[in-house]
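Asker: coords please:
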Amino acid sequence: AIENGAPRWRVRRVAMRVATLGPCVSLFSLALLNKLGFLGGSGSATALAVALVACTLATQAVAIAGFHAYLQDVAPARAG
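Answerer: Numbers count the residues shown, from 1 in each chain. Below is the predicted model:
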């Protein structure tokens, strides 16, 4: 995104929003499905729970991109 001309601060903010809201939505969905009784003992329910936890971890990993964009904002001459 930076190569396409987007400002660094915007890329950092988008990455941090995804890293914050992604796990929130995934874990909330997991808790809601559990409370409603959709996560019983069947194989498909287990697969859904694993997929939601994997989504949580994947979106949290976006925080690394936001962190590295932050370094370019703070010290562009020394970020490498």
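Asker: Give the rounded mean pLDDT of the biggest helix by length in the chain.
Answerer: Using DSSP state H to define each element, the chain has its longest helix at helix 8-35. The average pLDDT within helix 8-35 is 87.
Asker: Show the secondary-structure elements that it is packed against.
Answerer: Contact analysis of helix 8-35 by 3 or more C-beta pairs under 8 Å, 6 or more residues apart in numbering; DSSP states H and E lists helix 43-60, helix 62-74 as its packing neighbours. Any C-beta I mention is one placed from the backbone N, CA and C, and that applies to glycine too.
Asker: Okay, angle between the last one and helix 8-35 too, please.
Answerer: In other words, helix 62-74. For helix 62-74 against helix 8-35, the angle by axes from the mean of the first three to the mean of the last three C-alpha atoms, to 10 degrees is 160 degrees.
Asker: distance between helix 62-74 and the chain's centre?
Answerer: Relative to its parent chain, helix 62-74 has a centroid offset of 14 Å by C-alpha atoms, centre = their mean, to the nearest Å.
Asker: Give the rounded mean pLDDT of it.
Answerer: 72.
Asker: Excluding sequence neighbours, find me the nearest residue to the most centrally placed residue in the chain.
Answerer: Nearest residue to the geometric centre of the chain (C-alpha atoms, centre = their mean): residue 59, 2.0 Å. Sequence neighbours aside, residue 22 is the residue nearest to residue 59 in space, at 2.5 Å (criterion: C-beta to C-beta, 6 or more residues apart in numbering).
Asker: Quickly note the distance from that neighbour to residue 40.
Answerer: Per C-beta to C-beta, to the nearest Å, residue 22 is found 26 Å from residue 40.
Asker: Of these two, which one has the most company?
Answerer: A count of neighbours by other C-beta atoms under 10 Å puts residue 22 above the other of residue 22 and residue 40, at 19 against 9.
Asker: Can you name the residues in contact with stretch 37-57?
Answerer: 22-23, 26-27, 29-30, 33 (C-beta atoms under 8 Å, 6 or more residues apart in numbering).
Asker: For that stretch, buried residues please.
Answerer: 39, 48-49, 52, 55-56 (16 or more other C-beta atoms under 10 Å).
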